[in-house]
Each structure stands twice: as C-alpha cells, then as structure tokens.
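**Student:** Sequence plus predicted model, see below.
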Amino acid sequence: MTDEQVKKKSKTPLILLVVFVLPVVLAKLALDNDWFNRGSTNKGELLSPILDASSLMSGLAPKWRIMYLLPESCDTTCDNALYSINQVWVASGKESDRIEPVVVSANNSDPAKINELKTHPNISLLMLDNDSVNNVFKDVPTDGIFLVDTLNNVILRYPLFEEQKQAVLKSRDILADIRKLLKLSRIG
C-alpha cells in the first residue's frame, strides 16, 4: 500500500464520524443550552397545569368545548365573548357536530343574560353553583374563553376584548387552534 492509500483509509472513519455523530452532538447541545426559540403553534394561552373540569361537565358526551363563564353583569366584553364562541362554532362548518359552545353560569351570573341564552339554539347553558366553578378555576382568572378537550380538561385560555372588531379578529385564533386539534383528534 502506498502512503496515499493509507492516508485515505485513515480519513474515512473520521469523515464518517463527522458526518453522522457531529449533527447529533450539536442538536443535543442546542436543546440543552436553549440556543433557539422553541416554537409553539397554539394561539391561546396554554394552561399549566391543565384544569380538570370533569366535575362541571359530568354526564356530557365527549366533545371539544368552547367555554365561557358568565359574569355577574354582562357588559360589551361579555356580549363579544358570547358572539365569538357562537361564531367559532358556526365557522367550524362540517366539524360543528364535534364542538359545543358552552356557557357556565353560577349563582351570581347575570339573570337577564341567562334567560336570553336559554332561547339560543347553538349555545349550551350549564347552571352550576359558585363552589363547583371556584373549585375548578381556583388558580386561574375566569375572564376569558376556554378550550376544553374531550376528556373535560381545560387546556387553553383566550383573552376577552371590549371592541367587537378586535374580538372577532381574535376569535380566529380560537378557530385556528380548534381546527388543529380536531384534525389531530379522533375523539369527539
């Protein structure tokens, strides 16, 4: 063997090592040292830890739910939230049978709005006591629209808006998240 052939043979394992092992080592270092921004695709605020709403929704069929907690007095922010959850349900189109807009009312919720919601065909109204609602949402502010999975876990929270135009624009975020989840889920 010539010197040139020996040099080529000794370089081959080194080249293989660089090509196959170096990317793995660099990826591990990048993950451990947070050298990049980890992206999230959800538009809502991910609740951590997730909230177990099984006590609120016991006996209901497994569906994805867009939930809103009705406040003591329903102002324009409340009206916009109710409008948004209904619009998201309508915009879901053929998947609307897998989604249920739900309004949770407690003992101190706005009675006029409760009567109005009882006649609304698309929105389900859950009448619960304050203690049940407070047990589930003890660590999370209730001013928002919540996304509940098919196992009754509250997973995402969306902010409320006073202006209807802004509320409608932000309801697209809810729709985008729910479409993604429906695409990935076979339940509900």
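**Tutor:** Thanks, I have the structure now.
**Student:** does the residue most central in space within the chain count as helix, strand or coil?
**Tutor:** Note on the chain: the residue nearest the mean C-alpha position is residue 156, at 3.4 Å, using Cα atoms, centre = their mean. Three-state call for residue 156 (DSSP: H, G, I helix; E, B strand; the rest coil): strand.
**Student:** ok, it touching residue 149?
**Tutor:** No - using Cβ atoms under 8 Å as the test, residue 156 is too far from residue 149 to be in contact (9.1 Å). C-betas here are computed from N, CA, C, even on glycine.
**Student:** what's downstream of the helix or strand of the chain with the lowest mean pLDDT, the next helix or strand?
**Tutor:** When each helix and strand of the chain is scored by mean pLDDT, DSSP states H and E, helix 3-32 comes last, with a mean of 81. Using DSSP states H and E, the helix or strand that follows helix 3-32 in sequence is strand 45-52.
**Student:** Within its sheet, name the partner strands of that next one and how each one runs.
**Tutor:** Next to strand 45-52 in the sheet, as set by DSSP bridges, lie strand 153-158 (antiparallel).
**Student:** Got phi/psi on residue 102?
**Tutor:** phi -130, psi 130 (degrees, to the nearest 10).
**Student:** Just the pLDDT for it.
**Tutor:** We have a pLDDT of 95 for residue 102.
**Student:** Low-confidence regions, this protein specifically.
**Tutor:** Residues of the chain meeting the criterion pLDDT under 70: 1-2, 4-8, 37-40, 188.
**Student:** swap the cut-off to 90 and go again
**Tutor:** 1-23, 25-43, 46, 48, 57-60, 106-108, 118-122, 130, 138-142, 184-188 (pLDDT under 90).
**Student:** Please state the offset of stretch 74-90 from the chain centre?
**Tutor:** Between the centre of stretch 74-90 and the centre of its chain there are 17 Å (Cα atoms, centre = their mean, to the nearest Å).
**Student:** What residues of that stretch count as buried?
**Tutor:** 74, 77-78, 80-82, 84-89 (16 or more other Cβ atoms under 10 Å).
**Student:** cool, stretch 100-107 as well?
**Tutor:** Neighbour counts over stretch 100-107 (16+ other Cβ under 10 Å) mark 100-106 as buried.
**Student:** Restrict it to CA atoms and write it as PDB.
**Tutor:** Extracted in PDB, the C-alpha atoms of stretch 100-107 (Å, rounded to 0.1, in the frame of the first residue of the first chain):
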ATOM      1  CA  GLU A 100     -70.000  22.500  21.600                       C
ATOM      2  CA  PRO A 101     -70.200  26.200  22.700                       C
ATOM      3  CA  VAL A 102     -70.900  26.100  26.500                       C
ATOM      4  CA  VAL A 103     -71.700  29.000  28.800                       C
ATOM      5  CA  VAL A 104     -71.300  28.200  32.500                       C
ATOM      6  CA  SER A 105     -73.400  30.300  34.800                       C
ATOM      7  CA  ALA A 106     -73.000  30.300  38.500                       C
ATOM      8  CA  ASN A 107     -75.500  31.500  41.200                       C
END
